[in-house]
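**Student:** 3D model of this:
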Amino acid sequence: GGQPNDTFELLEFYGNETISQLYRFELSLASRVDNDLNLPELLNQPAKLIILREEEHKEVHGILSELEEIGREKNFAFFRAVLVPRLWRLSLYYQSRIFQNKSVPDIIKDVLKGAGLRADDYRMDLKSSYQPREYCVQYRETDLGFISRLMEYEGITFFFEHKGEKDLLVMADENSKFPKIDAPEEIESFVGQGLTTHDQEIIHELAWHEKVVTGKVILKDYNYRTPETALSAESQLDQHSPGLYYDYGDHFKTAAQGKALARIRNQEIEAARRVITGAGDCRGFHAGHTFALVKHYRDALNGNHLLTQVSHYGSQLGGLSRIGNGAGEAPAYRNEFTCIPAEVQYRPPRLTPERRIPGIMTARVESAGGEYAHLDEEGRYKVKMPFDLTDAGQGKASRAIRLAQPYSGSGYGMHFPVHAGTELVWACVDGNVDRPLGLSSVPNPSQSTPVAAKNKSQNIIRSAAGNELIMEDLKGETQVGLKTADGHMVILDDKEDEIKIVTTKGHTLIMDDKDKRIFVGTVTGHTLILDDDNKEITARSVKGHYITINDDSENITLSDAAGKNMFVIDISNNKLIIKTQDGNIDIHAPGGAIDIKAKTLKIRTDADTEVKANNIIMKAAQDCSVKAGSNISEEAQMDLKQKGMNIKSEASMEHKTSGMNVTSEASLNQQVKGTMVTIQSAGPNTIKGMPVLIN
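**Tutor:** Numbers count the residues shown, from 1 in each chain. I've put the predicted structure just below:
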């Protein structure tokens, strides 16, 4: 980190490296006391450990994550330092965030970039294709833990190469991507040969571990987008191995994804079947590299092996006289390692804890613009998680999540859409942070509940627009009210024993069981009352004019408001009564019918008018005129007949016709004229003739 190469002298070191984990080297250092060292300035700076391998320098690059001065003697100060890869910096970022519609490799690239690693600081040697994840959450974990968890899930390994004065992160998903150690890659086994001297790198201890592992893997899951599809996959690499590993909820969306995951899980288990541990002094050993074991007394172990873990120890204490009996000791190096046959596909064990939310959380419902929530074609919501620090626009902060409903099915159910800004309670399917499910909405002081202490006996459904259903449960006062935002209202009232319907303007319908009546009223005041108790129907205008039908009195009455003018149908007496403030008219037909038809009919009296008859028939095809300036009187105890083409009876003063029998006939003309004409007979008086002339 800007210091001369001879600033520190290495006394000893211990290091450990494992595939898919960070390496860590603890270094014991000495530096002359006259070196001007500022420890904080050395931290987080590039550093390298140089190990001599024959004539070559083997370097381990990284940064110093820890540095402490532990003492001094004479001209030297002593230090302890920790060397780690630059990837270690990701452990300093602890956060929660959401990635959408990105594959695992793309997510890893974003995370590495955010931690300051450039594209040339890592290499992705990936053969498989990785589908975009609709929704992937980093939740309360370090960036390192997050990408480690993703890679372990997908079966991606990572290791390090040390080239070009830096540590290079390498990610791979098949064994062919693991490089060989630097030549010579063939390492001899001296196991069982006793103490011996050698001038080449050897393996002097080797243990061969074999164990029975689970043979079959079955994975199963459910994808609500394709509920009719049974998602199940299995893998068995060794048909003779017993045992079953069955897991539900590994979060795969298709059968093909499930099949690939089942194989990865199977390979992860198989990698533990044969494990070789050993010790030697090959300085070229690094986790994630392969070597060839040769000259082992068991030929089955000879061949290529993949180093999965290597522990290094080196010392050169003889260079400092302060180290008691260490003076004169030669530099030493040794290692211990774990490896598997290179032909066995290695998958990293899933050591990073899965992030789970065992309880519930809240989120804010997002809008699509305006007050309404962002709903997709499946009725799912977009929400803003409280832990999400991104500034994604409305509808882009989360995947579409389902909201649980109290009742649902194919084409039916209940759904009360929540609005933008509503606080939503959600949980995770199986606790998996990548599988959110909305549970319900909850009130808060900014979004108060419609039921509180003051109306605790009410059950209320109220929409954001103001549509409302209120169910009053107070004993003895139970009531159900339905109201629209504009004020239309239906009330079912058990206390008043009535149902009331009222429009926004005030039109009213009341069905009253207590008083046994139905009331209909308009906003201006017209009313209709159907009264079962009084057996009466009354329709009344706003000015008070009314029509009444009364079954008790058997009357139908039409009246003005003051009751001065009235029309009554008297059913019991079979008559019609017309009452006015000037008089009454009764129409009564006890044994027959009254039939009045006319284009124009006028009957007017100033005194008395009386028409009585067994039979009175008056017909007029054209004209019938009866006029009286004073009196007209026609009377017949037996018969009174008048017929003729032309009949004229005329008197300027007095004209009388009377008798037991009076017959006046004319086939052509009959005329009786005179200033005074008197025809009188005590007995028969007959005048006949073809002509009878009396002059």
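**Student:** contacts, neighbours, all on C-alpha from now
**Tutor:** Fine.
**Student:** Tell me, how many residues neighbour the residue lying closest to residue 24 once chain neighbours are set aside?
**Tutor:** Distances taken as C-alpha to C-alpha, 6 or more residues apart in numbering put residue 84 closest to residue 24, at 5.0 Å, once the chain neighbours are dropped. Burial of residue 84 is recorded as 26 neighbouring residues (other C-alpha atoms under 10 Å).
**Student:** From what I see, residue 84 and residue 27 are in contact.
**Tutor:** No. Residue 84 is not in contact with residue 27 according to C-alpha atoms under 8 Å; the separation is 11.0 Å.
**Student:** List the residues that contact residue 269.
**Tutor:** Residues in contact with residue 269 (C-alpha atoms under 8 Å, 6 or more residues apart in numbering) are 213-214.
**Student:** Okay, and it sits in which element?
**Tutor:** Under DSSP states H and E, the secondary-structure element containing residue 269 is helix 255-270.
**Student:** Show me what secondary structure element comes after that helix.
**Tutor:** That would be, after helix 255-270 and using DSSP H and E, strand 274-280.
**Student:** Name the strands paired with that next one and say parallel or antiparallel.
**Tutor:** Strands that pair with strand 274-280, judged by DSSP bridges, come out as strand 202-210 (antiparallel), strand 332-341 (antiparallel).
**Student:** okay, the next helix or strand after the first one in PDB with CA atoms only?
**Tutor:** If you walk from strand 202-210 toward the C-terminus, the next helix or strand you reach (DSSP H and E) is strand 216-221. Extracted C-alpha coordinates of strand 216-221, given in PDB (Å, rounded to 0.1, in the frame of the first residue of the first chain):
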ATOM      1  CA  LYS A 216     -31.900 -40.000  -4.500                       C
ATOM      2  CA  VAL A 217     -33.100 -36.400  -4.500                       C
ATOM      3  CA  ILE A 218     -36.700 -35.300  -5.000                       C
ATOM      4  CA  LEU A 219     -37.800 -31.700  -5.100                       C
ATOM      5  CA  LYS A 220     -41.300 -30.400  -5.200                       C
ATOM      6  CA  ASP A 221     -42.800 -26.900  -5.400                       C
END
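**Student:** what about strand 216-221, distance to the chain center?
**Tutor:** Centroid displacement of strand 216-221 relative to its chain, using C-alpha atoms, centre = their mean, to the nearest Å, is 31 Å.
**Student:** Go through the top strand by length along the chain and flag the buried ones.
**Tutor:** In the chain, ranked by residue count with DSSP state E as the criterion, the top strand is strand 56-73. Residues of strand 56-73 classed as buried under the neighbour-count rule (16 or more other C-alpha atoms under 10 Å) are 58-67.
**Student:** picking up where we left off before, bridged to the residue nearest to residue 24, which residues?
**Tutor:** As for beta bridges, residue 84 partners with residue 63 under DSSP bridges.
**Student:** show me the contacts for it.
**Tutor:** 22-25, 61-65.
**Student:** returning to what we had before: using pLDDT, spot the least trustworthy of the buried residues of strand 56-73.
**Tutor:** For those, the least confident position by pLDDT is residue 58, scoring 89.
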